[in-house]
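Peer 1: Here's my sequence, what's the structure:
(one chain, ligands or ions: 1)
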Amino acid sequence: MTASRVATCTVAADREFWPTVAGRVLAFAAALEMRARDLRAVQVIVPAWSHASCLRSALQRQIGAAFVPPRIAVWPSAMASDEQPLARQAELFAALRGNAWVRESFGAQPAALWSLARGIAQLCDELTWAAAAGASGEVDFEKFSDRLQASLARHFHRRAARVLQPQAQLVLQLWRARRSVDDGAVRALRELAARADANRAPLVYVAERLLDHLLDHRVDQATDQDLRRWECALLQRLATHAPVLLIEPDVALAAATQPILAAAWPEIVGADSTVPIAERAATVRAAAMPLAIIGADSLEEEATAAAQQVLQWHHAGVQSIALVALDRLTARRTRALLERAQVLVRDETGWKLSTTSAAAAVMRWFDLVAADLYWRDLLDWLKSPFTLADRAGKANEIATFEQAVRAAGALQGALAFRRAIGEAGTGEVAATAARAGAREVLALIEAQVTLARRAGARLAAHARALQGALVALGMRAALARDPVGASVLRELDTLESELAPVAGRASLAEFRALLAQRFEQIAFVDSGISSPVVMVSLAAARLRPFDAALLIGADAQHLPQAPAEFLFMSNAVRAELSLPTAESAQRAQAAQLASLLATVPRVIATWRRRHGDEANSLSSLLERLQFVAVQAAGDDLLRRPQRAEFEVAVAPTQRPAPQAPQLLPARLSVSHCQSLVDCAYQFYARCLLQLRDLEDVIEVPDKRGFGRTLHQVLLHFHLEWQHRELHLVAANDLAASLQAHARAEFDPQIERTPAMLSFHRRFEGLIAGYIAWLQARSRAGWHWSAGEESIVAELRAPGGRTGGRTEGRTGGRAGERGAGRVSELRGRIDRIDRRSDGATQVLDYKARTAADLSSGLIAAGEDVQLPLYGLLAHAASSAAYLSFDRARDGEPGVKLLAPKQPFAPLVAGVSQRLRLDLQRIAEGVPLPAIGAATVCEKCEMRGLCRRDFWELAAAEQQFPQSVPSP
Ligand code: SF4
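Peer 2: Numbering: from 1, shown residues only. Sure thing, here's the model as predicted:
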């Protein structure tokens, strides 16, 4: 075996690279007496599949006729990929979990442990590749271990660095322990050696790495870093059986022909970098520079400028355009803008599976299992298109389920949801079927949650249980129908098969963390898109002769990009062992950039000048180019972002004023009447369209929740004492009773939402004040008569007063459509008190301040709730709010507030106005959005009426024929 048969040549990594390589291949074949039109006997290995077409096209152009191309291949992906076998990661995970230092440092964080296991698996592979030094490509573990130990001893002797020593030793131990296991780099090396031994075809090998002059790159030198040791060994092994031609892409050669590049980056061309840049720039004569730089003020501006540029190139007939995604966020936005402009982008970088809705549906399943079916997660998961795909009535079932959960305030747990569905009441046949379906769905989920929890204690068992759940929950079929979903399924199948032989215990949380890590690593690439616009990484753009390229996000943070933290070994140790270092990773990016600029005739870099308030620097590599360009040609390369200009006709948004007489219901509620007074459009949306916000399950209790509980406590308290003269009962007894009723209502809620405790305390503070008020009222002859009464009253012709009828405490349903005639008013009265002289007062409990309530009572007819209660309870001689605020500074916090005006005329005036307004609506007058600012602030219809869009423009609009009447 000799190295003499490896012929080597370097080729400038510029636009002529592939034509030159094609020429070398033809010369290589000719030397072996092969015909140019039949190259099938030659094997060519290229760095990436995208290069195969570059070579074929270049050969075609040179041969100029039909020909049989050489066999083109890339090295097996095991060498380039970061992928690590799962079984191996699982073994390392178990080993790390048992290590005292790891336990102390990472605790019980499965995600951190999996990440560590993966990092160590990669490091072990790096060590194996680096140790494969001999011509045979075999790994000399002992010799390399000695080198590693010596290096660690040298570099970790200082106190500050000593803390790294045990961790590096741990890695060394794990690496040595796994040397006999045939996986990862060990297996890849063995397979390559076997392939090399079997190969008899003449081979052309196009090296992956770009050469620059900082590195010694001769194939026969043991210190070589650029062409890796194992590559050297392998080529020599191949050369024992057949001729081998090594072609090395040389950036230095490419940059040397571009004076600006050579002056800006002397290290790449091997020039003296100690010469000041100003002196180097002075030697450059005016030269064309294929680069412009666009500085933007925001992400949107940068993405728009990038998209605009692509559209310009596209319209100018540029054949192939690269979007180099240095900053993925901005690049994604650019892609979205282009897609909006009907220009598809072939994204070779792909989307992480973790960002897809398909993977999210799978991960959400684990959240449900872990959090005992938390309601928000459950609703999200149920609404995913990847769940319950086989249920025909899914939409109705889920809607029913959601309404039940929200109405009951069920937070989590199958029991609470079952109860919520049970409480949802009865109705038509369709609703009953949907409820039965919702119950069935819940039972299905509950069964799978139980299976997931009892799956067993091995990773394989959890993977199997997940597969079972996917089938049972109708997820597998839905995922299979979607391209991204199919990719997710492939990952899950791989996971199941690779984990099958793995022994050792693992919890469900540990399995979930492993799955999350996989989804984070795997990208989905949509291979179905064909487009001249391609999104690539900087590394993937190398040696590809695009006609134009955009570097998106070319700031100091992204170009060059700092490599991820190296685990356990300092850069100095890594350099000594010929492992990649931070410096070499950054230098590789500089070489890739130089090659891109030498290859692509039009390059534009975009960057954001600011991140919020902070300045954001341009890439230092580009700054150097800029400096030289200014000196050489007086051009700083900076360009302003361009924006397309459009003619847009001004069309102010109109204040809405719909007419809808046909939508008037037969029955109105008191709150709808208040809407009619506040804003006619609010009435239209709430009452006529019957729109309403979905109720939220109360997780952090608010005043509304407090108000509801307050009503229940007072109702039960007064039902207990309804036949007693309260001023004759000891205040302590009344207070004790009220406290007991409060506990009965608040305690279950506090158990579910502990924050309710503060409202319980607030209520307890009001008890003394309320009892005092109650006893004074009792002494004045008042007693409680009824509570939570639902009453329906007839709305007669103007001028008449109506008589109400009680519906009971459950309340009535909103009436059917009245074909333009409202005949009934309904309301629920908190409390009716009667006095010994026969007077009746309607009371409404409010958990609001007295000041707040009294301001609404000043103008007659603004607050119509109390007068309309008077209309409902026709015998009422007065009505008032009972405010429950906070007891503070000697104030009891309980106060009665009645309208200032005489009650009977107030009721008559309000009911007269209501009838007239309803009559006018029935006649078709418009219902404009005319809410006052204080009303609009709290109005949930603000988005619908577009209040914020017409507010200024429509200030002058008049609605002489609209309601409410003046
Ligand atoms: S936001 Fe104001 S104007 Fe719009 S519907 Fe509500 S109350 Fe009326």
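Peer 1: quick one: the strands in the stretch 351-500 of the chain?
Peer 2: Along the stretch 351-500 of the chain, the stretches classed as strands by DSSP state E, counting those that start in this stretch are 351-352.
Peer 1: Name the residue of it that lies nearest to the ligand.
Peer 2: At 22.6 Å from the ligand, residue 406 is the closest residue in the stretch 351-500 of the chain, using CB to the nearest ligand atom. (Each C-beta comes from the backbone N, C-alpha and C, glycine too.)
Peer 1: Now do the same for that residue: its pLDDT.
Peer 2: On pLDDT, residue 406 comes in at 87.
Peer 1: For this protein, which residue gets nearest to the ligand?
Peer 2: residue 931 (2.4 Å).
Peer 1: Quick check: residue 262 touching residue 269?
Peer 2: Yes: applying CB atoms under 8 Å as the test, residue 262 and residue 269 come out as touching, 4.7 Å apart.
Peer 1: intersection of neighbour lists for the two?
Peer 2: 255, 256 (CB atoms under 8 Å, 6 or more residues apart in numbering).
Peer 1: Backbone dihedrals for residue 646, please?
Peer 2: Torsion angles at residue 646 (phi, psi; degrees, to the nearest 10) stand at phi -130, psi 150.
Peer 1: Check the burial of it by counting its neighbours.
Peer 2: By the measure other CB atoms under 10 Å, the count of residues near residue 646 is 5.
Peer 1: before we move on, what about residue 733?
Peer 2: Residue 733, neighbours per other CB under 10 Å, totals 11.
Peer 1: And for the one 3 residues further on?
Peer 2: Other residues within reach of residue 736 by the criterion other CB under 10 Å amount to 12.
Peer 1: tell me which element it is part of?
Peer 2: helix 731-752 (DSSP states H and E).
Peer 1: So what's the gap between that helix and the chain middle?
Peer 2: What separates the centre of helix 731-752 from the centre of its chain is 44 Å, taken as CA atoms, centre = their mean, to the nearest Å.
Peer 1: ditto for stretch 907-921
Peer 2: Mean-position distance between stretch 907-921 and its chain equals 51 Å (CA atoms, centre = their mean).
Peer 1: Would you mind writing the CA trace of it as CSV?
Peer 2: Below are the C-alpha coordinates for stretch 907-921, written out as CSV (Å, rounded to 0.1, in the frame of the first residue of the first chain):
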residue,chain,number,x,y,z
VAL,A,907,-89.8,53.2,35.6
ALA,A,908,-92.5,54.7,33.4
GLY,A,909,-90.0,56.9,31.5
VAL,A,910,-87.5,54.1,30.9
SER,A,911,-90.1,51.6,29.8
GLN,A,912,-91.7,54.1,27.5
ARG,A,913,-88.4,54.8,25.9
LEU,A,914,-87.6,51.1,25.6
ARG,A,915,-90.8,50.5,23.8
LEU,A,916,-90.3,53.4,21.4
ASP,A,917,-86.7,52.3,20.6
LEU,A,918,-87.9,48.7,20.0
GLN,A,919,-90.6,50.0,17.8
ARG,A,920,-88.2,52.1,15.7
ILE,A,921,-85.8,49.1,15.4
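Peer 1: Tell me the confidence at the one residue sitting closest to the centre of the chain?
Peer 2: Centroid check for the chain by CA atoms, centre = their mean gives residue 355 as the closest residue, at 6.5 Å. Looking at residue 355, its pLDDT reads 93.
Peer 1: ok, it - contacts?
Peer 2: By CB under 8 Å, 6+ apart, the contact list for residue 355 is empty.
Peer 1: in the stretch 301-450 of the chain, which segments are predicted with low confidence?
Peer 2: Low-confidence segments of the stretch 301-450 of the chain, defined by pLDDT under 70: 425-430.
Peer 1: any idea how far residue 772 is from residue 727?
Peer 2: Distance of residue 772 to residue 727, computed by CB to CB, to the nearest Å: 10 Å.
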